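Undergrad: test case, fold it:
(one chain, ligands or ions: 1)
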Amino acid sequence: MAAFDAFDAAVDTVVGFDIEMLTTPELLPLLQRYERARRRLPTGEHALINKLAREATPEELGGTLSHAVAEWTLITRAEAARRVREASDLGERCGLTGEPLPPMLPATAAAQRAGRLGAGHVSVIRRFCHQLPGFIDLDTREHAEAQLARLGSQYRPDQLAQLANRLTDCLNPDGSYTDDDRARRRGLTLGNQETNGMSALRGWITPELRATLEAVWAKLAAPGMCNPTDDTPCVDGAPTQDAIDRDSRSSAQRQHDGLNAALRAVLASGELGQHNGLPASIIVTTSLEDLEAAAGSGVTGGGTRLPISDVIRLARHAHHYLAVFDKGKAVALHHTKRLASPGQRIVLYAKDRGCSAPGCNLPGFYCEVHHVTDYAHCHTTDVDDLTFACGPHHRMLRPTGWTTRKRANGDTEWIPPPHLDRGQPRTNAFHHPEELLLDGDGDAL
Ligand SMILES: [Zn+2]
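TA: Numbering: from 1, shown residues only. Here you go, the predicted structure:
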């Protein structure tokens, strides 16, 4: 703590300097000094994070390590996960008998400690090392890593990335990757919904998924097929010549509509079975007001905002659930079964919309039903006593000492055990942003 106080004092001195009298040749090297200081800091964090990874229990952390890093430092989950992975690559390791081992990427770790590599360089080198195919031997890997760590002190990260790509081409000239290499890289990410309602879909797909998509698109994305501007879109059989001639969509738009039609067919087939006790289907909740005015929007069980025009169009297809609520009032369902009934789950989709733990953004689709008052005590499954909790938050409750209780207004309050109490918020307004605009106690989010 004394060292950190001295460190803070030194930072105060440095940022407090009067730089008015300095000339350009004196100012530019100062930028280098700032950058060097910035680069060295993560080294100390790696040791802390790795020690926590080795020794801390989920109970002490209140969840996973990256969860705890994100909560205590208020950085994003993604950034916290990145720091945990970087620490495991660049921090010292421990052998089976507790003896210290050098870092996985020793040259990069040493250059970071010396302030010669910044965050951008480190991410280029780590990506390079992790994407090398499995057949490259250890010596070659270590040599390549050391070369990149050396070059990184002379080039910008974007230049280093180009060098790393050249090096990858040299080491793997045929681009021969095994199924394992490909399997490691596969993944699709659905980006956050933008204010205009659209979302970006990005990722890398395997040759197999590509072949499947091609076959589906050959049929459903052909000109004249699944065209939403047609009065009765052609979804099976062959489209009429007229439908083909009227089709003014781009091929990207046709592929979008074809994928939508294919997925809708899967939902409508009923072969997905049940998800959390309801048939797998799109569940939309909306207010009576919005529906009558054919304006506004609905919210799905997955947390997507749907314009009311889409809600009405979806209601024409298959059997989706539409729960309508008048001025936020949900019909209370009383039940004495241990499991929440499908009806109660739909009510929770509308009332809670998602996990009620403070700051949690997981929508109801991915949530479990939690009894706020322990079922063993109350023996009822009254919807007023239920709330949504995502898997991680639900599992966190009992063993780590967290408790829940209902406030008078129906909100669920999450009370941390003393060792995890940072004065954090206790209720979650994440799924009810409209309430933040109302007058309140400001304790919502
Ligand atoms: Zn949660």
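Undergrad: list the helices and strands the top helix by length along the chain packs on?
TA: Ranked by number of residues, the top helix in the chain under DSSP state H is helix 24-55. Applying 3 or more Cβ pairs under 8 Å, 6 or more residues apart in numbering; DSSP states H and E, we find helix 24-55 packed against helix 65-73, helix 77-90, strand 93-94, helix 106-113. Bear in mind the C-beta positions are built from the backbone N, C-alpha and C, glycine included.
Undergrad: least reliable of those by average pLDDT, please.
TA: Among these, strand 93-94 has the lowest mean pLDDT, at a mean of 84.
Undergrad: what's the local residue count around Ala107?
TA: Neighbourhood size, Ala107 [other Cβ atoms under 10 Å]: 20.
Undergrad: right, and it touches Arg141 too?
TA: No: using Cβ atoms under 8 Å, Ala107 is not in contact with Arg141; the gap is 11.1 Å.
Undergrad: before we move on, the earlier item: point out the other helices and strands that the next helix or strand after the longest helix of the chain packs with.
TA: Where DSSP states H and E defines the elements, the next helix or strand beyond helix 24-55 is helix 58-61. Under the contact criterion of 3+ Cβ pairs under 8 Å, 6+ apart, helix 58-61 touches helix 391-400.
Undergrad: average model confidence for the helix or strand just after the helix it packs on?
TA: Next along the chain after helix 391-400, taking DSSP H and E as the criterion, comes strand 403-406. Rounded to a whole number, the mean pLDDT of strand 403-406 is 89.
Undergrad: so which of the helices and strands packed on helix 24-55 is the most surrounded?
TA: Compared across the helices and strands packed on helix 24-55, helix 106-113 shows the largest average neighbour count, a mean of 21 (mean count of other Cβ atoms under 10 Å).
Undergrad: by contact count, what packs against it?
TA: Secondary-structure packing of helix 106-113 (3+ Cβ pairs under 8 Å, 6+ apart): helix 24-55, helix 77-90, helix 119-131, helix 138-152.
Undergrad: for the protein, give me the ranges with low pLDDT.
TA: Within the chain, the ranges that satisfy pLDDT under 70 run 273, 276-281, 288, 291-292, 315-343, 375-381, 434, 436-445.
Undergrad: strands of that one, residue ranges please.
TA: 93-94, 100-101, 187-190, 201-204, 274-275, 278-279, 283-287, 297-300, 305-307, 321-325, 367-371, 386-390, 403-406, 412-415 (DSSP state E).
Undergrad: can you pull the residues of this structure lying near the ion?
TA: Proximity of the chain to the ion, by Cβ under 5 Å from the ion, involves residues Cys355, Ala357, Cys360, Leu362, Cys390, His393.
Undergrad: quick check, nearest of these to Asn260?
TA: Proximity of the residues of the chain next to the ion to Asn260 (Cβ to Cβ) peaks at Leu362, which lies at 24.3 Å.
Undergrad: quick check: phi and psi on that closest one?
TA: With angles defined as degrees, to the nearest 10, Leu362 sits at phi -70, psi 120.
Undergrad: for it, list the residues it contacts.
TA: Applying Cβ atoms under 8 Å, 6 or more residues apart in numbering to Leu362 gives the contacts Gly303, Gly354, Cys355, Cys390.
Undergrad: which of these has the most neighbours?
TA: Busiest of the contacts of Leu362 [other Cβ under 10 Å] is Cys355, holding 29 neighbours.
Undergrad: tell me how far that one lies from Leu420.
TA: 17 Å (Cβ to Cβ, to the nearest Å).
Undergrad: from the chain's centre, how far out does stretch 136-145 sit?
TA: 33 Å (Cα atoms, centre = their mean, to the nearest Å).
Undergrad: before we move on, what about stretch 229-244?
TA: Stretch 229-244 sits 38 Å away from the centroid of its parent chain (Cα atoms, centre = their mean).
Undergrad: may I have it as PDB, with CA atoms only?
TA: This file holds the C-alpha atoms of stretch 229-244, laid out as PDB (Å, rounded to 0.1, in the frame of the first residue of the first chain):
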ATOM      1  CA  THR A 229     -42.500  -7.700 -50.300                       C
ATOM      2  CA  ASP A 230     -44.700 -10.300 -52.000                       C
ATOM      3  CA  ASP A 231     -48.300 -10.700 -50.700                       C
ATOM      4  CA  THR A 232     -47.800 -14.400 -50.300                       C
ATOM      5  CA  PRO A 233     -44.100 -15.100 -50.400                       C
ATOM      6  CA  CYS A 234     -43.100 -18.400 -52.100                       C
ATOM      7  CA  VAL A 235     -41.400 -20.500 -49.500                       C
ATOM      8  CA  ASP A 236     -41.600 -24.000 -51.100                       C
ATOM      9  CA  GLY A 237     -41.800 -25.200 -54.700                       C
ATOM     10  CA  ALA A 238     -40.600 -23.000 -57.500                       C
ATOM     11  CA  PRO A 239     -41.400 -19.300 -57.700                       C
ATOM     12  CA  THR A 240     -43.500 -18.000 -60.600                       C
ATOM     13  CA  GLN A 241     -41.700 -16.100 -63.400                       C
ATOM     14  CA  ASP A 242     -43.700 -13.100 -62.300                       C
ATOM     15  CA  ALA A 243     -42.300 -13.400 -58.700                       C
ATOM     16  CA  ILE A 244     -38.700 -13.700 -60.200                       C
END
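Undergrad: can you list the residues that contact that stretch?
TA: Leu220, Ala222, Pro223, Gly224, Met225, Cys226, Asn227, Arg246, Asp247, Ala261, Ala265.
Undergrad: so which of these comes closest to the ion?
TA: Closest approach to the ion among these (Cβ to the ion): Ala265, at 32.1 Å.
Undergrad: picking up where we left off before, turn the helices and strands packed on helix 106-113 into JSON lines, columns for distance to Arg407.
TA: Formatted as JSON lines, these follow (distance: least, Cβ to Cβ, whole Å):
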{"stretch": "helix 24-55", "distance to Arg407": "34"}
{"stretch": "helix 77-90", "distance to Arg407": "27"}
{"stretch": "helix 119-131", "distance to Arg407": "42"}
{"stretch": "helix 138-152", "distance to Arg407": "53"}
